[in-house]
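A.B. asks: give me a model of this one.
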Amino acid sequence: RMPFSPYSSYYSFFGKTIDVSEWSDEVFSYNTQKPTVFASNPNTFGFVLMCYLPFLFLLKNNILKVFLFVISFFILYKIDSKMLLITFLFFIALKYFIISSKKSLYILLSLGLVIFLYPLLSSLSSSGVFDSRMFTAVDEIGKGWDYLTGKSVAREMDSTGERAFIYSLGIDKIIETKGMGLGLSGIETYLMFYFGKHTAFHNFFLMMLVDLGFIGFIAVVFFYIYTIKRLYLGLKINKGTELGSIYEAFFLGMILSVCASITPSGIIYLLPYWFFVAGAA
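C.D. replies: Next up, the predicted model:
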């Protein structure tokens, strides 16, 4: 861990302390036994890693590039987040099968690689490697959708059920305020009152809707769409150049940040992310 990680023995030198008194044994075990680097939560570090991952492909040394890519995936595997896995797979699909000029080649190579590695994948599956919670992502998406649409009740307080319940509270509040919103930090204040302790909302864009109302939400979404559109135009104009690769990295990172924004507890106070957004803008 980096020296200013909350779990580092040097953390107090930065004038900070961390209160774990409200953490359950499960949360304490999860946060302290997984990679966090500079953050207090593995998902927060994983979110930042996904935002900056496209810049890895700017490296000229292909051996170093492949090595760091494998290490990055291993870190995501150790974090074991369902949404990070979905975001990672979306990144691969977007980079190689959608915006790449060699998409047909990559599709054929991928099919051949899957067929070639099928015995290895079968062996890993039987050994339990794919039993991690991150590989239940598809099932959890369906379950979360059923919770939010009322097809089933979020009684299970696992990560999916808890977040679905919290989201439903936020949706209720935006309806109660007739789309005007609760104001800055409104939903987090309400959750503090509702649960009697600090509770993260885990959804930046829905949080903007609940706090700022429809007008504020539209402004935030417009900023993201405008920035992503400008990056895409820069990517197309400078295709095949080093500048074009930089545009591509920012373009992919901005889209990945939208996908993975529900992974960490919150991104509003996450300086490395807003540093990245400032560079993209």
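A.B. asks: drop to CA atoms for contacts and neighbour counts, all remaining ones
C.D. replies: Noted.
A.B. asks: what helices or strands is the helix or strand where residue 209 lies leaning on?
C.D. replies: Secondary-structure element containing residue 209, defined by DSSP states H and E: helix 204-237. Counting contacts by 3 or more CA pairs under 8 Å, 6 or more residues apart in numbering; DSSP states H and E, helix 204-237 is packed against helix 159-176, helix 186-195, helix 242-259.
A.B. asks: how far off centre is the shortest one?
C.D. replies: Distance of helix 186-195 from the chain centroid (CA atoms, centre = their mean, to the nearest Å) equals 23 Å.
A.B. asks: quick check: which ranges of the chain have low pLDDT?
C.D. replies: 113-114, 117-118, 120-159 (pLDDT under 70).
A.B. asks: if we use 50, what do you get?
C.D. replies: Of all residues in the chain, none has pLDDT under 50.
A.B. asks: if we can go back for a sec, would you mind finding the most buried of the helices and strands packed on helix 204-237?
C.D. replies: helix 242-259 (a mean of 21; mean count of other CA atoms under 10 Å).
A.B. asks: what angle do that one and helix 204-237 make?
C.D. replies: Here the directions of helix 242-259 and helix 204-237 differ by 160 degrees (axes from the mean of the first three to the mean of the last three CA atoms, to 10 degrees).
A.B. asks: need the next SSE after helix 242-259, C-terminal direction.
C.D. replies: helix 271-280.
A.B. asks: got the angle for that next one vs helix 204-237?
C.D. replies: Going by the same axes, to 10 degrees, helix 271-280 makes 40 degrees with helix 204-237.
A.B. asks: ok, and what's touching helix 271-280?
C.D. replies: 48, 51, 52, 227, 231, 250, 251, 254, 267 (CA atoms under 8 Å, 6 or more residues apart in numbering).
A.B. asks: I'd like the helices and strands packed on helix 204-237 as TSV, with distance to residue 69 appended.
C.D. replies: Conversion of those to TSV gives the following (distance: least, CA to CA, whole Å):
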stretch	distance to residue 69
helix 159-176	28
helix 186-195	36
helix 242-259	14
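A.B. asks: quick one: which of those is nearest residue 15?
C.D. replies: For the helices and strands packed on helix 204-237, the distance to residue 15 is smallest for helix 186-195, at 25.4 Å, taking CA to CA.
A.B. asks: just the angle for that closest one relative to helix 159-176, thanks.
C.D. replies: Using the same axes, to 10 degrees: helix 186-195 against helix 159-176 is 110 degrees.
A.B. asks: and helix 186-195, C-alpha only, in PDB?
C.D. replies: Output in PDB follows, covering the C-alpha atoms of helix 186-195 (Å, rounded to 0.1, in the frame of the first residue of the first chain):
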ATOM      1  CA  GLY A 186     -29.300  15.800   0.400                       C
ATOM      2  CA  ILE A 187     -29.600  12.000  -0.200                       C
ATOM      3  CA  GLU A 188     -26.500  11.300   2.000                       C
ATOM      4  CA  THR A 189     -27.900  13.400   4.800                       C
ATOM      5  CA  TYR A 190     -31.200  11.500   4.500                       C
ATOM      6  CA  LEU A 191     -29.500   8.100   4.500                       C
ATOM      7  CA  MET A 192     -27.600   9.200   7.600                       C
ATOM      8  CA  PHE A 193     -30.900   9.900   9.300                       C
ATOM      9  CA  TYR A 194     -32.600   6.800   7.900                       C
ATOM     10  CA  PHE A 195     -29.900   4.300   8.900                       C
END
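A.B. asks: could we number from 53 for the rest of this?
C.D. replies: Sounds good: first residue 53 from here, last item helix 238-247.
A.B. asks: contacts for that helix, please.
C.D. replies: Outside helix 238-247, the residues touching it (CA under 8 Å, 6+ apart) are 222, 249, 250, 251, 252, 253, 259, 262, 263.
A.B. asks: right, I'll call it a day here.
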